[in-house]
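Peer 1: Build the 3D model from these lines:
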Amino acid sequence: MQELFNCTRFQKDTLSCYLETIHVADTIAQKTEFTPPWKIRVPQGAPALYMVVHGTCSLQVKGGRKTHLHAGDLAILFQGKVHTLENGTNVKMSARGSLVNESGEPVVLINLRFNWDGDEIAPLLPQLPEVIHVRNEDGCLAPWIMNTLRLVSQQHLQDDSGTQDILNRITHFSVVQGIRAHIAGTDAGRSQMLEAIVHGQIGAALYFLHLQPEEPWTLMSLARKCGMCRSAFAREFKQAIGQSPMVYLTDQRMRRACHLLGQGILRIKEIALRSGYQSLPAFSSAFRKWASVTAVSYRKSRMPHSGKDPNTNASPVRIIEPMVSGVSQTPQTGGVA
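Peer 2: The predicted model follows:
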């Protein structure tokens, strides 16, 4: 007999289980000190995370509102859109047209740029704002941010895989905490998907489909695992997620396949098995229907002649180094706006 999932116990940590399926890679870390007046424009690129160590500044995604950041604040841009960073609220334009900061206070930022390792974040991205702003606690660094800053600042190690793994873990932890803070602060206006992730049997189903898409799931087996009848499970899942459970499962399998194909390591037959297909013809047919190209063509399009993983938009890891920016200097994080 198939074991029923303990939904009562699961509800206490549904979000944690779901977020365990989301991973980051290729983190680049940089600590920067900006001497006023300053303003930078960061182009479209990888997702970004900013921690304010000292001072105040403002962040604005193109076409969006300004977010005012203070020491101890965290800002996460999940989609890596074009944005600007500049002095805090004490900035004004002088008669000669130059920027003037009346406080003259330097700003110290830690910036983490990263890539998503796989597409598990994809269903959640549309539910999240362009910028998640985690505020400090009563003007002080939140304990978890303070500890994270310490960890990042200590990474004066050689450019090796150990450093990369540490930075990826730090970024993942910060991203998870940011999502938690956002969900905790939006109880009244949460989307149906966020509500499903946090509560109830549908959250359990999402966890299983993300963690084990290769399993031979059926509508009945998922419903039983979550302690629901088949019809109620199908109805509530589609209402919350906007797709039927089986269509959602296919999406998760294809996203995993795309990720594995892009790595260029495993044979396509092995990728088919890891994506939940017992035969190569069945996988090939499903992939072509879903992606409108064959698996072989997709792999070729994702693997340049250089052999570099095309999913990597960031350069190799850089160790954090302080950097000062003044009126005429251009920080490495972007060009002067």
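
Peer 1: all helices in this structure, in order from the N-terminus.
Peer 2: With DSSP state H as the definition, the chain shows helices at residue ranges 7-11, 14-19, 143-153, 161-184, 192-198, 200-211, 219-225, 230-241, 245-263, 268-274, 280-291, 295-302.

Peer 1: what's the burial count for I183?
Peer 2: Applying other C-beta atoms under 10 Å, we find 19 other residues in the vicinity of I183. C-beta coordinates here come from the backbone N, C-alpha and C atoms, glycine included.

Peer 1: Not counting sequence-adjacent ones, nearest residue to it?
Peer 2: Computed as C-beta to C-beta, 6 or more residues apart in numbering, the closest residue to I183 that is not its neighbour in sequence is L194, at 5.9 Å.

Peer 1: Give me the below-cutoff pLDDT ranges for the protein.
Peer 2: Applying pLDDT under 70 to the chain flags the ranges 1-15, 17, 88-104, 137-162, 186-192, 198-200, 304-337.

Peer 1: before we move on, back to that, I'd like to know which of the helices of the chain is closest to Q30.
Peer 2: Closest to Q30 of the helices of the chain is helix 143-153 (C-beta to C-beta; 9.7 Å).

Peer 1: Most tightly packed of the helices of the chain?
Peer 2: Relative to the other members of the helices of the chain, helix 200-211 carries the highest mean neighbour count by mean count of other C-beta atoms under 10 Å, namely a mean of 22.

Peer 1: angle of it against helix 230-241?
Peer 2: 80 degrees (axes from the mean of the first three to the mean of the last three C-alpha atoms, to 10 degrees).

Peer 1: Take helix 200-211, keep the C-alpha atoms, and write them as CSV.
Peer 2: In CSV, the C-alpha atoms belonging to helix 200-211 read as follows (Å, rounded to 0.1, in the frame of the first residue of the first chain):
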residue,chain,number,x,y,z
GLY,A,200,-2.4,22.5,2.2
GLN,A,201,-2.1,19.4,0.1
ILE,A,202,-1.4,21.2,-3.2
GLY,A,203,1.8,22.4,-1.6
ALA,A,204,2.8,18.8,-1.0
ALA,A,205,2.1,17.9,-4.6
LEU,A,206,4.2,20.8,-5.9
TYR,A,207,7.0,19.6,-3.6
PHE,A,208,6.9,16.1,-5.0
LEU,A,209,6.6,17.2,-8.7
HIS,A,210,9.6,19.5,-8.3
LEU,A,211,11.8,17.1,-6.3
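
Peer 1: Can you report how many residues neighbour Y277?
Peer 2: By other C-beta under 10 Å, the residues close to Y277 number 21.

Peer 1: is it true that it touches F283?
Peer 2: Yes - Y277 is within contact range of F283, at 3.7 Å (criterion: C-beta atoms under 8 Å).

Peer 1: which neighbours do those two share?
Peer 2: Counting by C-beta atoms under 8 Å, 6 or more residues apart in numbering, Y277 and F283 have no shared contacts at all.
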